[in-house]
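Colleague: below are the sequence and a predicted model; questions follow.
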Amino acid sequence: MTRPVSASILLLCAAAASAAKPNFVVFYADDLGYGDLGCYGHPMSDTPNVDKLASEGMKFANMYTSSPVCSPSRAGLLTGRYQTRSGVWPGVFVQYSQYGLPSNETTFASLLKTQGYQTAMVGKWHLGVGMNWEYIPTKHGFDSWTGIPYSHDMPDPNLCFYSPEGTPGLPCFPGTNPEPMHTTTPIYDEDMKMYRLTGQDSVQIPLFNGTADSMQIMQQPANLTTLDDWYNDAAVGFVKSAAKSGKPFLLYYAFQHTHHPDYAGRMFWNTTQRGMFGDSIKALDWSLGNVLDAVKESGVEDNTLVFFSSDNGPSLVRLQRGGNAGLLRCGKGTTWEGGQRVPGIIKWPGHVAAGVLTREIASTMDLFATMLQIVGVAPPSDRVYDSVDMSSFLFSADGKAAEGAAVRDYYFYLDKNIQGPENLNAIRWREWKVHYRTTGSHCPDDYFVPTCRGNYSSGILATPLLFNLHHDDGEHVPLDITQPMYKYIVDHITQLKVEFLASPGLFGPSQIHGTDLMSQPCCHASCKQGGDPTTLPQCCRTNPY
């Protein structure tokens, strides 16, 4: 069994990097569920480019995120460490958070830069901004960034859809005024029971663009009807420029799609049979396809590793405007499988077998160790990493690790609002998963599965639930506690729990607790000179709507 280890041990047996370092393109969707893609079984999703990527690469049956919500999941991806170690707990950063991902955390971008890589980020950051923008991507290893610093519902925008009548756009919430939007999605009362994060003291969503030396807010509020064009042009432009330079490159493209609220520009508005969510996922697929075309047309396809996944499961509270976890139970915010098991695809021609399904357990955190092994660089040795190198099965012909090879055969599920050790909700070991505590989240209080509801919590279970995920991915039938193997398996997994909770540095100082309305990003620095946060919403604007 492979467990969290120090950097020196993690990479002790790393092979020497090849002379021609590969490029990396990392796609990260938002709130995209296990069952949302065509290649993962959804019959109504228009995702030909993601489906093609899966057919040309390795698809993961058991890919997990480090958290069932946004900010901590992204911290895990970038640092190869559970989010609690870097202080990204509990919950997520908001637009007025004071802090962010600490500057002493090492991302795969910052490590690749030491090896001569060009690095760029496009899209959603959600790891803090700071009063002086000290936590944005260009402070964490990226040469450039075009994107929104958090979810695009902070606060909820007014306009989300292309207007055929020449107006700036159509409303995000047509439940209050559906005309002239003739959508295939039914209109419900209460705006589809969506949450609104509006507030009188909240600035509008900013669109950042620039480099470490020249960063600015281009739009505030960001125009969601043209946002896909901004992101697509930045990603494609970077790939073409970087490939032309002849130097290796890293592109981290974190989509806003398919997070609430759905949005779609001219090319995608009202074009799918899956309604507004379908339009949103089609836009994601279009831009992903354009980036992959740019990689191919630039002549670097064979030397580019492409990774695709999602930050967490689907937001079921959005009902038909949310995603789908497929056969898995519940969704975003929960430590049921639907909250943290997500789509996963890796393509690298000539290295990763095409059209293969791997059933090995993996995590988005594992991209960190795998990248570093490929390039031949070690991370700082002064901290514990939770990332496990995937090479043992990633480079095999059948997606299976050889007997005795190092693989991840465990996974720890931390509550979205973890407060301490008691919120280690569940653990997977091989096919077995133990729940010590279950909660619902991001789901209506009248949802048809009671354990998914936002108002549900079991508390600490006197008798843990045990499921065989090879037989029961949906976690419907727990093992009978009178079965002889129940005690053996639960005891073994509980020992893993004890060891994990004892690992050094598991809980770093929380970076999420601090808030300050004056920390909100503003397109005009002069707006903050008076020190009055109530003036910011009207002053911090570049656009009239």
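Modeller: Sure, I can see it. Just so it is clear, the model here is predicted, and its values are computed rather than measured. Numbers count the residues shown, from 1 in each chain.

Colleague: remind me which residues of the chain are low pLDDT?
Modeller: Applying pLDDT under 70 to the chain flags residues 1-19, 174-200, 544-545.

Colleague: center of it - which residue?
Modeller: Asp311 (2.0 Å; C-alpha atoms, centre = their mean).

Colleague: skipping its backbone neighbours, what lies nearest that residue in space?
Modeller: Nearest residue to Asp311, sequence neighbours excluded (C-beta to C-beta, 6 or more residues apart in numbering): Ser73, at 4.2 Å. Placement of C-beta: from N, CA and C, glycine included.

Colleague: what's the answer for Arg408, then?
Modeller: Using C-beta to C-beta, 6+ apart, the closest residue to Arg408 is Val388 (4.4 Å).

Colleague: give me the phi and psi for Tyr135.
Modeller: Dihedral pair for Tyr135: phi -120, psi 10, per degrees, to the nearest 10.

Colleague: what does Ile460 give?
Modeller: With angles defined as degrees, to the nearest 10, Ile460 sits at phi -70, psi 130.

Colleague: same thing with Ala525?
Modeller: phi -60, psi -30.

Colleague: could you report the neighbour count for the residue nearest to Asp311?
Modeller: 29 (other C-beta atoms under 10 Å).

Colleague: keeping just the C-alphas, turn the host helix or strand of it into CSV.
Modeller: If you go by DSSP states H and E, Ser73 is part of helix 70-79. C-alpha atoms of helix 70-79 as CSV (Å, rounded to 0.1, in the frame of the first residue of the first chain):
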residue,chain,number,x,y,z
CYS,A,70,-14.3,24.0,-5.1
SER,A,71,-11.4,25.8,-3.3
PRO,A,72,-10.0,22.8,-1.4
SER,A,73,-10.3,20.6,-4.5
ARG,A,74,-8.2,23.0,-6.5
ALA,A,75,-5.6,23.3,-3.7
GLY,A,76,-5.3,19.5,-3.7
LEU,A,77,-4.8,19.4,-7.5
LEU,A,78,-2.1,22.1,-7.6
THR,A,79,-0.1,21.1,-4.5
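
Colleague: so who does Asp302 touch?
Modeller: For Asp302, the contact set (C-beta atoms under 8 Å, 6 or more residues apart in numbering) comprises 349-350.

Colleague: if you could redo that for Val26, that was the one I meant.
Modeller: 77, 250-253, 307, 367.

Colleague: circling back to that earlier point, and the helix holding Ser73, what's buried?
Modeller: Within helix 70-79, the residues scored as buried using 16 or more other C-beta atoms under 10 Å are 70-79.

Colleague: in a markdown table: those residues, plus distance to Asn425.
Modeller: Listed next are those as a markdown table, based on distance: C-beta to C-beta, whole Å:
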| residue | distance to Asn425 |
| --- | --- |
| Cys70 | 18 |
| Ser71 | 18 |
| Pro72 | 14 |
| Ser73 | 15 |
| Arg74 | 20 |
| Ala75 | 18 |
| Gly76 | 16 |
| Leu77 | 20 |
| Leu78 | 23 |
| Thr79 | 22 |
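
Colleague: which stretches in the stretch 401-545 of the chain count as strands?
Modeller: 410-414, 424-429, 432-439, 457-468 (DSSP state E, counting those that start in this stretch).

Colleague: if we can go back for a sec, out of the buried residues of helix 70-79, which is nearest to Gly278?
Modeller: Cys70 (21.9 Å; C-beta to C-beta).

Colleague: isn't the closest one up against Trp125?
Modeller: No. Between Cys70 and Trp125 there is no contact under C-beta atoms under 8 Å: 10.1 Å.

Colleague: quick one on the thing from earlier: ok, the residue nearest to Arg408 to Tyr34 distance?
Modeller: Distance, Val388 to Tyr34, using C-beta to C-beta, to the nearest Å: 21 Å.

Colleague: look at these two and report which has more neighbours.
Modeller: Under the criterion of other C-beta under 10 Å, the comparison of Val388 against Tyr34 puts Tyr34 first, with 29 against 26.

Colleague: with adjacent residues omitted, what lies nearest to that one?
Modeller: Gly326 (4.6 Å).

Colleague: ok, the one you found - contacts?
Modeller: Neighbour list for Gly326: 33-36, 40-42, 338 [criterion: C-beta under 8 Å, 6+ apart].

Colleague: and of these, the nearest to Asp233?
Modeller: Nearest member of the contacts of Gly326 to Asp233, counting by C-beta to C-beta, is Asp36, at 25.4 Å.
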